[in-house]
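Peer 1: return atomic coordinates for the entry below.
(one chain, ligands or ions: 2)
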Amino acid sequence: MSYVDEVLERVREKNASEPEFLQAVTEVLNSLRPVIDANEEVYRREALLERLCEPDRQFKFRVPWVDDKGQVQVNTGYRVQFNNSIGPYKGGLRLHPSVNIGIIKFLGFEQIFKNSLTGLPIGGGKGGSDFDPKGKSDREVMAFCQSFMTELCKYIGADTDVPAGDIGTGAREIGYMFGQYKKIRGLYEGVLTGKGLSYGGSLARTEATGYGLLYLTEEMLKCNGHDIKGKTVCVSGSGNVAIYATQKAQQLGAKVVTVSDSTGWVYDPEGIDVALLKEVKEVKRARLTEYAAARPSAEYHEGRGVWSIKCDVALPCATQNELLLDDAKQLVANGCIAVAEGANMPTTLEATEYLQKNNVLFAPGKAANAGGVATSALEMSQNSERLSWTFEEVDAKLQNIMVNIFHNLDDAAKRYNMEGDYVAGANIAGFEKVADAMLAQGVC
Ligand SMILES: NC(=O)C1=CN([C@@H]2O[C@H](COP(=O)(O)OP(=O)(O)OC[C@H]3O[C@@H](n4cnc5c(N)ncnc54)[C@H](O)[C@@H]3O)[C@@H](O)[C@H]2O)C=CC1
Ligand SMILES: O=C(O)CCC(=O)C(=O)O
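Peer 2: Ligands and ions are numbered 1, 2, ... in the order given. The predicted model follows:
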């Protein structure tokens with residue numbers, strides 16, 4: 001049995017109740033086969049893959065807090081410190097009722113390769129809680145965040161582990177967590193990214209994941225003889241990533257015609273009105289029904305359906321496993337030429353394979369959405385040097401990083417005779433640096 005198959009079997013046995021983690025490991029290890037085969041003796045002796053698939057450590061803790069009625073509520077908090085061979089653990093905090101250890105492990109595992117692809121010195125980690133900020137008052141969100149940080153602050157620090165936002169964690173939550181960290185630890189340091197601009201945040205971090213997604217998509221299209229200008233784009237989600245992906249796509253001359261949330265979706269053939277979307281989602285924290293009510297050209301539909309709309313480019317920006325095989329078939333039938341993942345692992349393995357087999361350009365999330373964490377690393381640099389850069393400086397660095405990521409994964413795929421397979425290219429390019437660092441640092 002090959003080394004990859006042996007490790008996959010062991011990982012499946014050990015993590016049988018964590019389907020998302022198994023999905024992520026299976027995708028990565030399968031596409032690394034040519035690299036592993038070429039170095040099998042050393043990797044096997046050093047148990048490199050076993051070490052890569054086992055987090056350095058994981059924390060699970062109780063998060064008690066008091067709601068507005070005086071009732072004590074209890075949630076579960078997690079932080080998985082997956083791999084710090086190339087830098088301090090770095091990765092977001094997800095606040096969503098679906099959060100469990102398997103989801104945090106899949107996200108932390110993906111983060112190792114994504115962070116490596118940025119070219120910046122950051123390792124992989126992820127955390128979160130099953131707390132749902134939706135429908136909670138600001139006071140309740142603050143109470144939760146303070147309690148969450150009261151425990152988390154024991155394990156993190158500007159040079160050890162630097163969390164950030166993810167689903168359900170935006171500037172408000174990061175602010176409350178930063179305040180609590182500072183109060184308990186007595187340190188004013190860059191322990192979190194995505195901070196507000198008045199206390200150490202970076203310009204362009206809010207926009208970075210969505211903008212970065214478009215910079216990479218634009219480069220991928222250009223290198224394959226297409227222009228983003230004039231293209232019709234379907235976006236899913238309507239959170240941080242979706243909003244700024246939509247904004248940048250429209251700035252680049254494309255037309256975005258859909259967005260969605262967990263209850264429904266909007267089709268707006270005249271193009272999504274970003275100012276209205278921001279008002280509904282960022283200011284009012286309301287449902288998309290409010291967008292449709294205020295926009296005569298928009299249709300609102302319950303449930304899922306974004307991928308049924310004809311488009312040239314699809315940008316899944318909501319959550320994992322939201323683009324299924326049937327969606328992929330529909331996209332291909334409608335003439336879609338490119339899919340770039342704004343979310344983490346939004347496309348199932350079967351859907352990805354189908355898209356690739358049908359010559360749809362496919363940019364995986366660990367490359368396409370790396371602009372967020374890359375800009376977080378730029379925020380860490382600014383915090384360390386006690387300076388802040390202009391929006392234009394950060395945006396230019398982001399653009400450069402995203403274009404480089406595309407070329408690195410394109411080159412990696414070509415080196416292993418898999419030209420055009422950007423999934424394999426991203427995994428290989430991300431893996432090589434981490435593997436070198438792990439081997440150089442000995443058995444640890
Ligand atoms: N915020 C960031 O900088 C980064 C985020 N990501 C990923 O992008 C994705 C979106 O994250 P954000 O925009 O930050 O979160 P967000 O909390 O701002 O927005 C999440 C969006 O997804 C939708 N959503 C959540 N669960 C859903 C479901 N089950 N079905 C349909 N829609 C659902 C929500 O309604 C919302 O529109 C996630 O996969 C996240 O891990 C990846 C890289 C960086
Ligand atoms: O900005 C960060 O540190 C993390 C962003 C994130 O969670 C992600 O890339 O999925």
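Peer 1: so who does K329 touch?
Peer 2: The contact partners of K329, taken as Cβ atoms under 8 Å, 6 or more residues apart in numbering, are Y354. (Glycine included, C-beta is placed from N, CA and C.)
Peer 1: in what helix or strand does it lie?
Peer 2: helix 325-333 (DSSP states H and E).
Peer 1: tell me the secondary structure for the nearest residue to K281 once chain neighbours are set aside?
Peer 2: Sequence neighbours aside, S238 is the residue nearest to K281 in space, at 5.2 Å (criterion: Cβ to Cβ, 6 or more residues apart in numbering). S238 falls in the coil class when you classify it by DSSP: H, G, I helix; E, B strand; the rest coil.
Peer 1: how many residues are close by S238?
Peer 2: For S238, the count of nearby residues is 27 (other Cβ atoms under 10 Å).
Peer 1: and the gap between it and L288?
Peer 2: 6 Å (Cβ to Cβ, to the nearest Å).
Peer 1: also D138?
Peer 2: 22 Å.
Peer 1: quick one: which of these two has more around it?
Peer 2: Neighbour totals were compared for D138 and L288, and L288 leads with 22 against 10 (other Cβ under 10 Å).
Peer 1: was I right about that one contacting Y267?
Peer 2: No: look at L288 against Y267 with Cβ atoms under 8 Å: they stay out of range, at 10.8 Å.
Peer 1: give the closest residue to G165 in space, chain neighbours not counted.
Peer 2: Nearest to G165 is G194, by Cβ to Cβ, 6+ apart, at 4.3 Å.
Peer 1: was I right about N344 contacting E110?
Peer 2: Yes: under the criterion of Cβ under 8 Å, N344 is in contact with E110, at a separation of 5.7 Å.
Peer 1: tell me which residue of this structure lies closest to ligand 1.
Peer 2: Going by Cβ to the nearest ligand atom, ligand 1 is nearest to G239 of the chain, at 1.7 Å.
Peer 1: wouldn't that residue be in contact with C317 here?
Peer 2: Yes: using Cβ under 8 Å, G239 is in contact with C317, at 7.5 Å.
Peer 1: between those two, point out the one with more neighbours.
Peer 2: More crowded of G239 and C317, by other Cβ under 10 Å: C317, with 31 against 23.
Peer 1: so what pLDDT did that one get?
Peer 2: Looking at C317, its pLDDT reads 98.
Peer 1: burial of the closest residue to it other than its chain neighbours, as a residue count?
Peer 2: Distances taken as Cβ to Cβ, 6+ apart place G342 nearest to C317, at 3.4 Å, with adjacent residues excluded. Other residues lying near G342 total 30 when counted by other Cβ under 10 Å.
Peer 1: pretty sure G342 sits against G210.
Peer 2: Yes: contact criterion Cβ under 8 Å: G342 and G210 qualify, at 6.7 Å.
Peer 1: which residues are common contacts for those two?
Peer 2: 241-242, 245, 317.
Peer 1: and those residues, which is closest to D261?
Peer 2: Closest approach to D261 among these (Cβ to Cβ): A242, at 9.1 Å.
Peer 1: what pLDDT is listed against that closest one?
Peer 2: 98.
Peer 1: same deal with M380?
Peer 2: Note for M380: predicted pLDDT of 98.
Peer 1: so which helix or strand takes in it?
Peer 2: Per DSSP H and E: helix 371-384 holds M380.
Peer 1: longest strand in the chain, please.
Peer 2: Longest strand of the chain, by residue count under DSSP state E: strand 72-83.
Peer 1: circling back: which neighbours do N344 and E110 share?
Peer 2: Shared contacts of N344 and E110, counting by Cβ under 8 Å, 6+ apart, come down to 365-366.
Peer 1: and the two? Which one has more around it.
Peer 2: E110 (29 against 26).
Peer 1: is it true that the more buried one touches K366?
Peer 2: Yes: with contact defined as Cβ under 8 Å, E110 counts as touching K366 (5.3 Å).
Peer 1: what touches both of these two?
Peer 2: Common neighbours of E110 and K366 (Cβ under 8 Å, 6+ apart) are N344.
Peer 1: would you indicate which residues of stretch 10-21 are buried?
Peer 2: Across stretch 10-21, burial judged by 16 or more other Cβ atoms under 10 Å covers 11, 15, 18, 20-21.
Peer 1: distance to ligand 1 and pLDDT added to the residues you listed, as JSON lines?
Peer 2: Below are these laid out as JSON lines (distance: Cβ to the nearest ligand atom, whole Å; pLDDT from 0 to 100):
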{"residue": "V11", "distance to ligand 1": "22", "pLDDT": "98"}
{"residue": "N15", "distance to ligand 1": "20", "pLDDT": "98"}
{"residue": "E18", "distance to ligand 1": "17", "pLDDT": "98"}
{"residue": "E20", "distance to ligand 1": "11", "pLDDT": "98"}
{"residue": "F21", "distance to ligand 1": "15", "pLDDT": "98"}
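Peer 1: those residues of this protein touching ligand 2, which are they?
Peer 2: 90-92, 114, 164, 166, 193, 344, 369, 372-373, 376 (Cβ under 6 Å from any ligand atom).
Peer 1: could you pull up the contacting residues of the residue of the chain closest to ligand 1?
Peer 2: 167, 281, 317-318.
Peer 1: now K310
Peer 2: Counted by Cβ under 8 Å, 6+ apart, K310 has contacts 232, 334-335.
Peer 1: from the residues you listed, which would you call buried?
Peer 2: 232, 334.
Peer 1: contacting residues around L221?
Peer 2: Here L221 is in contact with 227-228, 231, 313, 337-338, 361 (Cβ under 8 Å, 6+ apart).
Peer 1: pLDDT, neighbour count and secondary structure added to those, as a markdown table?
Peer 2: Listed next are the contacts of L221 as a markdown table, based on pLDDT from 0 to 100; neighbours: other Cβ atoms under 10 Å; DSSP: H, G, I helix; E, B strand; the rest coil:
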| residue | pLDDT | neighbour count | secondary structure |
| --- | --- | --- | --- |
| D227 | 98 | 12 | coil |
| I228 | 98 | 21 | coil |
| K231 | 98 | 20 | coil |
| V313 | 98 | 26 | strand |
| I337 | 98 | 17 | coil |
| A338 | 98 | 23 | strand |
| L361 | 98 | 20 | strand |
